[in-house]
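Chemist: Need coordinates for the following:
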Amino acid sequence: MTAHFNHTIIASIDAAEMAKFYRDLLEADDAPAWGPFVNVQIAGGVLLQFAAPPMEFPPQHYAFLLENPHFDRAYAKITDYGFDHWADPQRSKPGEINHEHGGRGVYLLDPSGHYLELITQPYL
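Modeler: I've put the predicted structure just below:
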């Protein structure tokens, strides 16, 4: 049987704020919340679960593959909302996007400080 990615828990300073941020930027669907989790669902039935852990947490990296029109809408939101963003993970090219792997990409930080990458072409 082929494995399929099902869900992940994303450590959050404010779970509701994080769910709203991802729901808006990724155009994700609402999903029922339970226990400490505020949930959103993206393509393929993948569940993103946001929860505040009982300890400090290191920033993680989350990359999402978007179709070109979705990338355009997401990038418009990034600039309209005034979010800092970069063309590279080293954050040496502020306010830009990249054109790597035959597509476009951008990096930004989510409300809990995780590194978020939006791309239009997969690396492989």
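Chemist: Show me what the helix or strand bottoming out on mean pLDDT in the chain is packed against.
Modeler: Within the chain, judged by mean pLDDT, DSSP states H and E, the helix or strand with the poorest mean is strand 29-30; its value is a mean of 94. For strand 29-30, the packing partners by 3 or more C-beta pairs under 8 Å, 6 or more residues apart in numbering; DSSP states H and E come out as strand 38-42. To be clear about C-beta, it is placed using only N, CA and C from the backbone, and glycine gets the same treatment.
Chemist: which parts of the particular helix or strand that has Thr79 in it are buried?
Modeler: Using DSSP states H and E, Thr79 maps to helix 68-80. Under the neighbour-count criterion of 16 or more other C-beta atoms under 10 Å, helix 68-80 has 70-71, 74-75, 78 buried.
Chemist: contact partners of that helix?
Modeler: For helix 68-80, contacts defined as C-beta atoms under 8 Å, 6 or more residues apart in numbering pick out 24-27, 66, 85, 97, 104, 106, 108, 118-120.
Chemist: can we see that at 10 Å?
Modeler: Here helix 68-80 makes contact (C-beta atoms under 10 Å, 6 or more residues apart in numbering) with 21, 24-27, 64-67, 83-85, 95, 97, 103-106, 108, 116, 118-121.
Chemist: That one: how far from the chain's middle?
Modeler: 13 Å (C-alpha atoms, centre = their mean, to the nearest Å).
Chemist: Since that was my last question, I'll sign off now.
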